[in-house]
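1. structure for this input, please:
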Amino acid sequence: MVAAAQAALVLAQGVLAGRFLTGDGDALGLHERLGTEVLTLVAAVSFVLAVLVWRPGRGPGWPALAALIGGLAIPFQIVFGFERRLELHVPLAIAIFGLYLSVALVARARSRTQAGRRPTLST
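-> Purely as a prediction, here's the structure:
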């Protein structure tokens, strides 16, 4: 659930950036606050939860690794944005979104198969 929330937040970041580029000046401030405050906090919570599932919960370690990579990428993303280094900011944003979306999709598919149900395209 947290990975899905992160993917939605990262998608919202892209939408807000697009709105700014089309002339909505207020979107940049919301883009900045959402990234520096909300997304950073959600990434930290995601990492803590993933480690708890992995170590004491004896779950897989890959979500913790993915959360760590995403959590480390976000500060770079913030710095690149404030420095107006769009040649780094935009591709890293796409990579971060791909990471969170992939983790959310894999986690959902694994939860379906562990529940004894076979995943289908319609679920």
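2. just give me the longest helix of the chain.
-> Using DSSP state H to assign secondary structure, the helix with the most residues in the chain is helix 86-114.
3. flag every buried residue along that one.
-> The neighbour-count criterion (16 or more other CB atoms under 10 Å) identifies 89, 92, 93, 96, 97, 99, 100, 101, 103, 104, 107 as the buried residues of helix 86-114. Yep, even glycine has a C-beta here, placed from its N, CA and C like the rest.
4. low-confidence ranges, this structure, go.
-> Flagging of the chain using pLDDT under 70 yields the residue ranges 112-123.
5. isn't residue 28 right up against residue 20?
-> Yes: here residue 28 lies in contact with residue 20, judged by CB atoms under 8 Å, at a distance of 4.4 Å.
6. export stretch 26-43 as PDB, just CAs?
-> Extracted C-alpha coordinates of stretch 26-43, given in PDB (Å, rounded to 0.1, in the frame of the first residue of the first chain):
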ATOM      1  CA  ASP A  26       1.100  28.000  -8.300                       C
ATOM      2  CA  ALA A  27       1.800  24.400  -9.300                       C
ATOM      3  CA  LEU A  28       5.500  24.800  -8.800                       C
ATOM      4  CA  GLY A  29       5.100  25.700  -5.100                       C
ATOM      5  CA  LEU A  30       2.900  22.600  -4.600                       C
ATOM      6  CA  HIS A  31       5.300  20.500  -6.500                       C
ATOM      7  CA  GLU A  32       8.100  21.700  -4.200                       C
ATOM      8  CA  ARG A  33       6.200  21.100  -1.000                       C
ATOM      9  CA  LEU A  34       4.900  17.700  -2.000                       C
ATOM     10  CA  GLY A  35       8.400  16.500  -2.900                       C
ATOM     11  CA  THR A  36      10.400  18.000  -0.100                       C
ATOM     12  CA  GLU A  37       7.900  17.300   2.700                       C
ATOM     13  CA  VAL A  38       5.300  14.600   1.900                       C
ATOM     14  CA  LEU A  39       7.200  12.400  -0.500                       C
ATOM     15  CA  THR A  40      10.400  12.400   1.700                       C
ATOM     16  CA  LEU A  41       8.400  11.400   4.700                       C
ATOM     17  CA  VAL A  42       6.500   8.700   2.900                       C
ATOM     18  CA  ALA A  43       9.800   7.300   1.500                       C
END
